[in-house]
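Q: please work out how this folds:
(3 chains)
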Amino acid sequence: MEYKIIPSVCSYCGTGCGVLFKVMNGRLVGTLPNKTHPVNEGGLCIKGWNLHEYVNSFLRLTSPLVKVKGRFHKATWDEAIQVAADHFTSIVEKYGPDSVGVLVSAKMTNEENFLAQKFARAVIGTNNVDHCARL
Amino acid sequence: MKAEPFEPKILAFFCNWCTYGAADLAGVSRLQYPPNVRPIRVMCSATVSPHHVLRAFQSGADGVLVGGCHVGDCHYIYGNYMTIKRIRFLQELLEFVGLGERLHLEWISSAEAQKFVQVVTEFTLKIKELGPSPLTVLSKGLPAMALSSPPPRENARAAVG
Amino acid sequence: MREQIRSWLESGEMDAFLGFKEVEGHPIPHLFSKANLAELEGLIVNAPRYPLETLVAEMLQSQPGMKLGVLGDETTRRALNVLSIWNQVSPESVRVIDPDQFAPEEKGARKVFRVSEPGPVKLERGIDNRLGVDAIQALDGDDRVRRWMYEFQKCIKCYGCRNICPVCFCKECSLEHQDLISTGTVLTEVPIFHLVRAVHMAGRCIDCGMCEQACPADIPLRLLYRKVNSIVMELFDYENGLSSDQPPLSVLGEKVVLELKPIH
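A: Take a look at the predicted model:
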């Protein structure tokens, strides 16, 4: 029997509540709030309480999908990124850079968010940048 | 427009074997009783779960009446042993959240049409006295803050600073 | 105490011991076993309360017959007693180790249940989670309804009170039943959500206070369940976790002792 409690941070919103993951025999079985975490002090919302569910969910995507003729097909990361890049390029060429917006997550680091806005402004050429914790 | 007198909505769970029979007998005997009761026939009063009662209040019932066989007369022998435990517990719990006295349990056998009429009449009168269920009143606008006499807003603001 | 646990683990009298260890600055539950005896040095006794009883039940269900020790106190014992009445743990395979018995000088060092302190506006309006059952009963009926409905409508339906509860274990929960509690709506259905839960706490709640601590909306759940417990005590003379019988609302009983409540 191996039972571990692993502290982590909730991956949903920008609040960043402390959670504890219950891991039994190498499998994630449950979530508890971290009672000494300064952010949530032992409380969690319904999403946080069910964090463990999506990890083992059969609906979870484990590889990128590319849509070809209306149907999704499994692809490698390189292929998927190439397809996205090609489409963005064609959209920007056809409708202009302001037809693209960049939404970033509060769960990314400052540096990644900086890169995202840099990508939006320098590469795509738009000021349409937003962030879920802007509020 | 003249204000309508308050006509309570009372949901009643009657057991198939006794109280429903009493209701039938009261009807056949042409006894008069208030029409505020909406009966639901259940096979035994023990099938009435606290959830049903709570759901009734949630859905706007002003009172809930549960009728079963006398102790020892239950068609299922021990069914109403559970009924009284559940309902007595729920009565105390509802009392604590301020909905007390709106739930009533009575043993009425199928021969007791007179008692049925009396219970329904008395319970309807009592609910009329109590007025509409506070839940139906509150559901029109849930209280932002508790208790009846909130201080004037200016003071509240000042207190927050 | 650490030596005692070490010797139990070494001799195999205990397969594993559930206590607390500091990880990344947080005291979190940790399973000590023979394989990692050295970690026992880091055993913490004064941690906030976690539902260790649930962890014990989960472990015992995945590996029945395992001998477990758990750091706990009187409340832990009562929770395990309730769980064993409901056939969730076998009492002989769990041993509760109360640090107070081993280290009386550390007694009271454990962090106790903390109730959130109300601000001035709430205090002015009589909203105070530190109030007792009597203070609520002193209010008149309308004020009681208003008070509780105010509390219940704060609920964000996180199900935290149920999830953290050490004596809640049902696979199918009434609070997730489509016909009783509709899904996908906030506000929760006031008051049915909390009252259904209160009904289910009858004969179970061991007054550990974790529900209130886990509540992001500061609903005085402990107060509500305390009243539930006192009703169970008054009506059925049953004390959760101390009586070894089945709880009163899950057995029919030998005879009817309760009286009907008169209409007036």
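
Q: can you map out the strands along chain A?
A: A:3-9, A:18-24, A:27-33, A:65-68, A:71-74, A:102-104, A:129-131 (DSSP state E).

Q: name the nearest residue to the residue of chain A found nearest chain C, sequence neighbours excluded.
A: Among the residues of chain A, A:Gly43 lies nearest to chain C; the distance is 3.7 Å by Cβ to the nearest Cβ. Any C-beta I mention is one placed from the backbone N, CA and C, and that applies to glycine too. Nearest non-adjacent residue to A:Gly43, counting by Cβ to Cβ, 6 or more residues apart in numbering or on different chains: C:Pro216, 3.7 Å away.

Q: tally of neighbours for the one you found?
A: Neighbours of C:Pro216 under the rule other Cβ atoms under 10 Å in any protein chain shown: 20.

Q: tell me which residues touch it, please.
A: A:40, A:43-45, C:156, C:158, C:160 (Cβ atoms under 8 Å, 6 or more residues apart in numbering or on different chains).

Q: now those residues as CSV including neighbour count?
A: Below are the contacts of C:Pro216 laid out as CSV (neighbours: other Cβ atoms under 10 Å in any protein chain shown):
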residue, neighbour count
A:Asn40, 21
A:Gly43, 22
A:Leu44, 26
A:Cys45, 20
C:Ile156, 16
C:Cys158, 23
C:Gly160, 26
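
Q: now distance to C:Pro247 and pLDDT too, for these, in JSON lines please.
A: Listed next are the contacts of C:Pro216 as JSON lines, based on distance: Cβ to Cβ, whole Å; pLDDT from 0 to 100:
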{"residue": "A:Asn40", "distance to C:Pro247": "33", "pLDDT": "86"}
{"residue": "A:Gly43", "distance to C:Pro247": "29", "pLDDT": "88"}
{"residue": "A:Leu44", "distance to C:Pro247": "29", "pLDDT": "90"}
{"residue": "A:Cys45", "distance to C:Pro247": "31", "pLDDT": "89"}
{"residue": "C:Ile156", "distance to C:Pro247": "29", "pLDDT": "84"}
{"residue": "C:Cys158", "distance to C:Pro247": "26", "pLDDT": "86"}
{"residue": "C:Gly160", "distance to C:Pro247": "24", "pLDDT": "90"}
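
Q: in chain B, which residue is most central in space?
A: B:Val64 (1.7 Å; Cα atoms, centre = their mean).

Q: secondary structure class for that one?
A: State at B:Val64, reduced to three classes by DSSP: H, G, I helix; E, B strand; the rest coil: strand.

Q: and it, what does it touch?
A: Contacts of B:Val64 by Cβ under 8 Å, 6+ apart are B:10-13, B:53, B:56-57, B:102-104.

Q: now, which of those residues sits nearest A:Lys4?
A: B:Val53 (44.1 Å; Cβ to Cβ).

Q: show the pLDDT at the closest one.
A: Note for B:Val53: predicted pLDDT of 91.

Q: other SSEs contacting the helix ranked longest in chain A?
A: Looking across chain A with DSSP state H, the single longest helix is helix A:77-95. Packed against helix A:77-95 by the contact rule (3 or more Cβ pairs under 8 Å, 6 or more residues apart in numbering or on different chains; DSSP states H and E) you find strand A:65-68.
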